[in-house]
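In: below are the sequence and a predicted model for it; my questions follow.
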There are 2 protein chains.
Amino acid sequence: MAKKVLLVGGVAGGASAAARLRRLDETAEIIMFERDQHISFANCGLPYYIGQNIKERSKLLVQTPQSMQERFTIDVRIHSEVTSINPDRKTVTVNSKDKGIYEESYDYLVLSPGAKAIRPPIPGIDSDKIFTLRNIPDTDTIKSFIEKQEVEQAVVIGGGFIGVEMAENLKDRGLEVTLVEAAPHILPPFDTDMAVIVEKELEDNNVKLLLNDGVKSFEDKGSTIEVILNSGKLLTADTVILAIGVTPDTMFLKNSGIELGVKGHILVNEKLETSCPGVYAVGDAIEVVDFVTKQNVAIPLAGPANKQGRIAADNIAGLTSTYKGTQGTSILKVFSLTAASTGSNERTLKRLTIPYKVIYVHPVSHASYYPGALPLSLKLIFNEKGIILGAQAVGSDGVDKRIDVIATVIRLKGKVSDLAELELCYAPPFSSAKDPVNMAGYVAENVLAGRVETFTYEELENYNKEETQLVDVRTEFEFENGHLEGAINVPVDKLRQKLDNLDKNKPILAYCQVGLRGYIASRILTQHGFNVKNMTGGYKSASALRF
Amino acid sequence: MAKKVLLVGGVAGGASAAARLRRLDETAEIIMFERDQHISFANCGLPYYIGQNIKERSKLLVQTPQSMQERFTIDVRIHSEVTSINPDRKTVTVNSKDKGIYEESYDYLVLSPGAKAIRPPIPGIDSDKIFTLRNIPDTDTIKSFIEKQEVEQAVVIGGGFIGVEMAENLKDRGLEVTLVEAAPHILPPFDTDMAVIVEKELEDNNVKLLLNDGVKSFEDKGSTIEVILNSGKLLTADTVILAIGVTPDTMFLKNSGIELGVKGHILVNEKLETSCPGVYAVGDAIEVVDFVTKQNVAIPLAGPANKQGRIAADNIAGLTSTYKGTQGTSILKVFSLTAASTGSNERTLKRLTIPYKVIYVHPVSHASYYPGALPLSLKLIFNEKGIILGAQAVGSDGVDKRIDVIATVIRLKGKVSDLAELELCYAPPFSSAKDPVNMAGYVAENVLAGRVETFTYEELENYNKEETQLVDVRTEFEFENGHLEGAINVPVDKLRQKLDNLDKNKPILAYCQVGLRGYIASRILTQHGFNVKNMTGGYKSASALRF
Ligand SMILES: Cc1cc2nc3c(=O)[nH]c(=O)nc-3n(C[C@H](O)[C@H](O)[C@H](O)COP(=O)(O)OP(=O)(O)OC[C@H]3O[C@@H](n4cnc5c(N)ncnc54)[C@H](O)[C@@H]3O)c2cc1C
Ligand SMILES: Cc1cc2nc3c(=O)[nH]c(=O)nc-3n(C[C@H](O)[C@H](O)[C@H](O)COP(=O)(O)OP(=O)(O)OC[C@H]3O[C@@H](n4cnc5c(N)ncnc54)[C@H](O)[C@@H]3O)c2cc1C
Ligand SMILES: CC(C)(COP(=O)(O)OP(=O)(O)OC[C@H]1O[C@@H](n2cnc3c(N)ncnc32)[C@H](O)[C@@H]1OP(=O)(O)O)[C@@H](O)C(=O)NCCC(=O)NCCS
Ligand SMILES: CC(C)(COP(=O)(O)OP(=O)(O)OC[C@H]1O[C@@H](n2cnc3c(N)ncnc32)[C@H](O)[C@@H]1OP(=O)(O)O)[C@@H](O)C(=O)NCCC(=O)NCCS
């Protein structure tokens, strides 16, 4: 007999599951419930439509109820909120704008209700000048408010991906924008050393940044709104965009018997089946296994949501398909910069007390002699077995490519030695004979093999100035243009002649601009009997942190 | 005792080996012999310097003898040709411009003499208007000839990478350029279906293409040169660039006892050691193992040369380091297009009678609703176990990234199911929630699982028109704008209503624009009891081939 499959939510996870299911099973009865008017829209494009980078609203609508009906014979029911699910009776209760309240039975059920923007009970939060962004109605509201009210000043609360994208897009429209972040730095997937580069880019583009400061209250002043921060600072604006994170939209499951996690996420197994047989769940609403740390986490991203939808459909259609976890590979355009990351960052690994090592390289995007080569900073995190735990990169070109390659190696459980061996595309307009990814592999291999000991700029804070020699191995010219306090200058190319100037009984901390010459100096010094460490990432990484 | 290591050739492989060796071993005596004046130059940048895309000649010189001396205490001996090696005595014979002929002894020897341009004994080949391009002197000669003789018309012989790069760069200088290729299509790493896209780009940029036609003879006419082709065609030009391939520069090893391959390449083991103990060889001069087919091949590329140099140095320094083969990952800019490939192509697999399957996808470089999304054509070749054998892509943006990711999966011995699962960077400016690489993985998985049977446009040539229904499932509008001969039009979105129009007893060959709707139509038809195949790559792949 034909299966009857219901879906809750008709966008990334839900629509993907429905389409795949139809391709696998022509006879199934498929009904998709969507609370809103729109299904299958481009959530990720919303900020860019507000910023007028995407000009046509219609472009945001990837599929319509009609096109899903025509192509996939999906019975799409919009304005239909599923208010509860009743696994005992195998039904859901629907509150439909047109049809009122009714029950619909299922053989299989796919939950993809997504997540909603957090709106904490801060005094004044109910002002109609404060917006969150999740869907098309939110987008229409924000856009028309900006246009009708001729908004000139905006405050964005929250320095996550959506907050930063909104800051950029509002700036693109000519608004004055202040971005407020309660944490010490923006962009939680990135460690401080990488986040600061993005922060500089925001400031260089006249986005005012207020870090380490949360919102105490809002005050609607009629024509403007005031944002009062914990520090006491007061910001005045025409509008506030609240982008401080999301929470799973799973209230309707409260009494369903379906197991939820501590924060309300739906718990699923490898097949994406919930604790109720026949009920699958995907997307922003579920807890997933972190591919690297194996911890349960929530990672609300479109790629995973789409893939999970496809996997749920597979299982319903009788195929065996499993979801092996989420790495959190993510990317962000910030004016002329790109920031991307995959796997775990230092913050996460420290919290979980997972030991790791870090290296940096600062190569250029392609052969330096070919026009348009732009610098990028690449950070690689790995363990003592060479397993890659994570990577982060920031730069103007080729960042996505390098993180995609490393994400691939992580997924295939490769090691830093694999990075060194990868044979990637090389011609001058695209890369270097040793791609930045190869280079990161070499540097990491050298650390693991003990060919060089490294230290980070952060570790320099606690060093013993009396007992250590801090040696800048760059040229005299570079040294004079700025160096670390307390450093002496011995250029690498003169090092062999100047060994006598250094004390064999005092450990040497060496550094150069990016780490390469410091490494060469370390190799020379080590082999001449010195005890030496090289600062990974060099002065460039240090400078980013000192910004 | 300190090792004495000699290197023959001071560019990609040789200089890389020397630098790495010094980092590993501060005490070794390292002498590098280079026949020419220049070491460590950017071979790959030469066409772009001739084309004035790279403006400064000095940028081509990555390292100089002096800088190699200062940083790495390498004794660089330029204008010093190694004329023979004498493994019995462990010496090499050197012919030095300054010092005359002498012998130098070694403990270890690294051979990286590279390859030289082929100059076959065609009548008239000795004209001083015919140039090959390998090194800085060649570059200087070509550039000054073009400038001094005010060259307006050039003929490039050979449609390999260097030939195409030269054609583009001469065009960039405003020359009239004709590219002559003896094979039916340019760019041997690419199959016909991909090469034709590049050929179109060349023609669109007014490079005249003559395919399937070789050179019979040249005639120097004083102020011009005539190129007479096998077809009888006669071309008149001011200069000829000969770029028909390279041959290993290993004549000096003829009587050395070192084993050479049939075409004169040096044979090495996994450690890159030749048949003579202590003698290593790397770069364009060696035969390598094809990573995919395991055959011995010659793949003259800079990435492998650099990596091999490092591995040879490792082994000399006592580390265990092996070279696991070359995939032939390569890339080319052709005006606004990029063409890249990795692994084996169909031609190679057919020659070796290795069974394979092929699929195409034609996605856009990033989310289609975000400005600047550009089409790309991606071809994936895999075997019945899902092992990826090769991939080729052509497009204007994001081609390098997708081939790099697939090259990584090949290197880590991943399968098409891994492509489907990869978690790659997604935000609208960079990709789609299902990256083109994921999409290729899905399509390949469906083929392997038998969810869809596919055929290629080439296979359509032999189909039985009487016994088959060729069905175009695109919209009526698309159909009217051009379709395959003999096709009937049943748009996918109306297919379920029109099943009666089709004959269940005749196999159906379905196609759409890129393969997606054809796949959906195939799924519908299969499940309604039809016998159906979908044309992979769709009308777009077919149109490329019909161009
Ligand atoms: C502004 C913005 C930008 C983003 N940018 C990116 C990006 O660049 N890259 C990236 O990877 N991810 C991005 N995301 C995240 C991505 O959009 C989500 O991860 C993805 O859409 C999650 O898919 P989902 O199916 O779980 O939920 P959604 O796509 O949100 O769909 C859930 C749907 O379910 C409906 N629904 C909820 N409850 C019910 C109910 N009880 N009954 C009926 N219907 C219900 C909702 O109305 C909603 O339409 C962005 C998100 C936003 C908001
Ligand atoms: C125009 C051009 C463009 C290219 N573009 C690309 C590209 O985009 N991507 C890519 O991957 N590859 C490219 N290549 C190929 C790449 O440059 C080679 O693969 C690489 O340089 C090979 O390194 P090698 O050390 O083996 O040889 P080489 O770099 O050629 O060095 C060999 C050196 O040895 C010297 N020598 C030879 N015999 C002797 C002897 N008996 N005694 C002393 N010295 C000797 C030669 O003078 C030469 O300088 C390009 C090559 C050329 C010519
Ligand atoms: C569009 C949407 C309805 C999903 O539809 P979908 O049909 O699964 O996805 P696509 O249109 O990308 O097509 C993918 C299918 O086509 C197949 N396909 C793609 N190109 C093909 C080709 N050239 N030849 C053959 N098959 C092809 C794939 O194999 C896949 O089929 P499968 O899953 O059965 O293997 C859903 O993803 C959606 O609503 N997206 C918008 C919302 C969203 O994702 N938001 C977040 C990001 S902004
Ligand atoms: C430049 C050349 C001499 C090689 O020199 P090299 O020192 O081996 O190469 P690089 O300058 O790229 O440096 C790589 C080394 O620096 C290290 N390194 C790079 N960045 C680093 C960083 N940020 N921190 C620490 N170490 C770093 C790498 O680990 C590697 O050392 P290892 O091999 O000991 O592991 C040689 O490649 C050459 O002659 N190139 C030009 C010719 C050529 O390649 N032509 C073809 C392409 S156009």
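Out: It's in. Quick caveat: nothing in here was measured; it's all calculated off a predicted structure. Ligands and ions are numbered 1, 2, ... in the order given.

In: please make it C-alpha for all contacts and neighbour counts, starting now.
Out: Noted.

In: residues of the stretch 201-350 of chain A that sit close to chain B?
Out: Within the stretch 201-350 of chain A, the positions lying close to chain B (CA under 8 Å from any CA of the partner chain) are A:302-304, A:306-307, A:326-333, A:340-341.

In: among those residues, which lie within strands?
Out: A:Ser330, A:Ile331, A:Leu332, A:Lys333, A:Ala340, A:Ser341 (DSSP state E).

In: restrict those residues to those near ligand 2?
Out: Within the set of these, contact with ligand 2 (CA under 6 Å from any ligand atom) is found for no member.

In: among these, who's most crowded?
Out: Tallying neighbours with other CA atoms under 10 Å in any protein chain shown puts A:Ser341 at the head of those, with 33 neighbours.

In: ok, now which ones touch that one?
Out: A:Ser341 is in contact with A:Pro189, A:Phe190, A:Gly328, A:Thr329, A:Ser330, A:Ile331, A:Gly390, A:Ala391, A:Gln392, A:Ala393, A:Ile403, B:Cys425, counting by CA atoms under 8 Å, 6 or more residues apart in numbering or on different chains.

In: wait, the third one touches A:Ile299, no?
Out: What it means is A:Gly328. Yes - the pair A:Gly328 / A:Ile299 is scored as a contact, 6.4 Å apart, by CA atoms under 8 Å.

In: quick one: which of the two has more around it?
Out: The neighbour count for A:Gly328 versus A:Ile299, taken as other CA under 10 Å, is higher for A:Gly328 (26 against 20).

In: how about the nearest residue to the residue nearest the centre of chain A, chain neighbours excluded?
Out: Centroid-nearest residue in chain A: A:Ser330, 3.9 Å away (criterion: CA atoms, centre = their mean). With sequence-adjacent residues excluded and distances taken as CA to CA, 6 or more residues apart in numbering or on different chains, A:Ser330 is closest to B:Cys425, at 4.9 Å.

In: return the member of the residues of the stretch 201-350 of chain A next to chain B nearest to A:Ile524.
Out: Taking CA to CA as the measure, A:Ile524 lies nearest A:Ser341 of these, at 33.9 Å.

In: and the pLDDT at the closest residue to the closest one other than its chain neighbours?
Out: Of all residues not flanking A:Ser341 in the chain, A:Gln392 sits nearest, at 4.2 Å (CA to CA, 6+ apart). According to the prediction, A:Gln392 has pLDDT 98.

In: right, and A:Gln392 touches A:Thr338 too?
Out: No - contact criterion CA under 8 Å: A:Gln392 and A:Thr338 do not qualify, at 10.7 Å.

In: which of the contacts of A:Ser341 tops the neighbour count?
Out: Busiest of the contacts of A:Ser341 [other CA under 10 Å] is A:Ile403, holding 32 neighbours.

In: now look at the strand or helix carrying that one and say if it contacts ligand 1.
Out: A:Ile403 belongs to helix A:399-411 when elements are defined using DSSP states H and E. No - Helix A:399-411 does not reach ligand 1 (CA under 6 Å from any ligand atom); its nearest approach is 12.8 Å.

In: again, but for stretch A:16-26
Out: No - using CA under 6 Å from any ligand atom, we find that stretch A:16-26 stays clear of ligand 1, coming within 8.3 Å at best.

In: quick one: mean pLDDT for that stretch?
Out: Stretch A:16-26 comes out at a mean pLDDT of 98.

In: and ligand 3, is that stretch touching that?
Out: Yes - using CA under 6 Å from any ligand atom, stretch A:16-26 reaches ligand 3 at A:Ser16, A:Ala19, A:Arg20, A:Arg23.

In: pLDDT value on A:Phe547, please?
Out: Confidence score, pLDDT, at A:Phe547: 58.

In: what does A:Glu467 give?
Out: So A:Glu467 comes in at 92 (pLDDT).

In: that one and A:Glu485, how far apart?
Out: 15 Å (CA to CA, to the nearest Å).

In: compare the two (neighbour count), which wins?
Out: Neighbour totals were compared for A:Glu467 and A:Glu485, and A:Glu467 leads with 11 against 7 (other CA under 10 Å).

In: that one contacts A:Lys506, doesn't it?
Out: Yes - here A:Glu467 reaches A:Lys506: they are 6.0 Å apart, a contact under CA under 8 Å.

In: that older thread, among the residues of the stretch 201-350 of chain A next to chain B, which are in reach of ligand 3?
Out: Among those, the ones lying near ligand 3 by CA under 6 Å from any ligand atom are A:Ala302, A:Asn306.

In: show me the two of the residues of the stretch 201-350 of chain A next to chain B that sit farthest apart.
Out: A:Lys307 and A:Lys333 (23.0 Å).

In: between the contacts of A:Ser341, which is nearest A:Val5?
Out: Using CA to CA, the contacts of A:Ser341 come closest to A:Val5 at A:Gly328, 29.5 Å.

In: quick one: contacts for the closest one?
Out: A:Gly328 neighbours (CA under 8 Å, 6+ apart): A:Asp290, A:Ile299, A:Leu301, A:Ser341, A:Thr342, A:Gly343, B:Glu423.

In: quick one on the thing from earlier: please report the distance of the residue nearest to A:Ser341 from ligand 1.
Out: According to CA to the nearest ligand atom, to the nearest Å, A:Gln392 and ligand 1 sit 16 Å apart.

In: in a helix, that residue, correct?
Out: No - in this structure, A:Gln392 is strand, not part of a helix, as judged by DSSP: H, G, I helix; E, B strand; the rest coil.

In: just the strands in the stretch 251-400 of chain A please.
Out: Assigned by DSSP state E, counting those that start in this stretch, the stretch 251-400 of chain A shows strands spanning A:279-281, A:288-289, A:296-297, A:330-334, A:337-343, A:357-361, A:376-382, A:388-395.

In: take the ones you listed and lay them out in JSON lines including distance to B:Leu7.
Out: Below are these laid out as JSON lines (distance: least, CA to CA, whole Å):
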{"stretch": "strand A:279-281", "distance to B:Leu7": "62"}
{"stretch": "strand A:288-289", "distance to B:Leu7": "52"}
{"stretch": "strand A:296-297", "distance to B:Leu7": "54"}
{"stretch": "strand A:330-334", "distance to B:Leu7": "44"}
{"stretch": "strand A:337-343", "distance to B:Leu7": "41"}
{"stretch": "strand A:357-361", "distance to B:Leu7": "29"}
{"stretch": "strand A:376-382", "distance to B:Leu7": "33"}
{"stretch": "strand A:388-395", "distance to B:Leu7": "35"}
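
In: and these: which comes nearest B:Ser543?
Out: strand A:330-334 (35.1 Å).

In: please name the strands paired to that closest one in the sheet, noting orientation.
Out: Strand A:330-334 has the following strand partners under DSSP bridges: strand A:337-343 (antiparallel).

In: any idea how far the partner strand is from the middle of the chain?
Out: Centre-to-centre, strand A:337-343 and its host chain are 7 Å apart (CA atoms, centre = their mean, to the nearest Å).

In: cool, stretch A:182-198 as well?
Out: Distance of stretch A:182-198 from the chain centroid (CA atoms, centre = their mean) equals 11 Å.

In: in that stretch, what counts as buried?
Out: Using 16 or more other CA atoms under 10 Å in any protein chain shown as the test for burial, stretch A:182-198 gives A:182, A:185-187, A:189-198.

In: try stretch A:509-529
Out: Neighbour-count burial for stretch A:509-529 flags A:509-526 (criterion: 16+ other CA under 10 Å).

In: next, the distance between the ends of that stretch.
Out: 14 Å.

In: hmm, who's touching that stretch?
Out: Residues contacting stretch A:509-529 (CA under 8 Å, 6+ apart): A:360-362, A:451-452, A:468-474, A:492, A:495-496, A:504, A:531-541, B:23-26.
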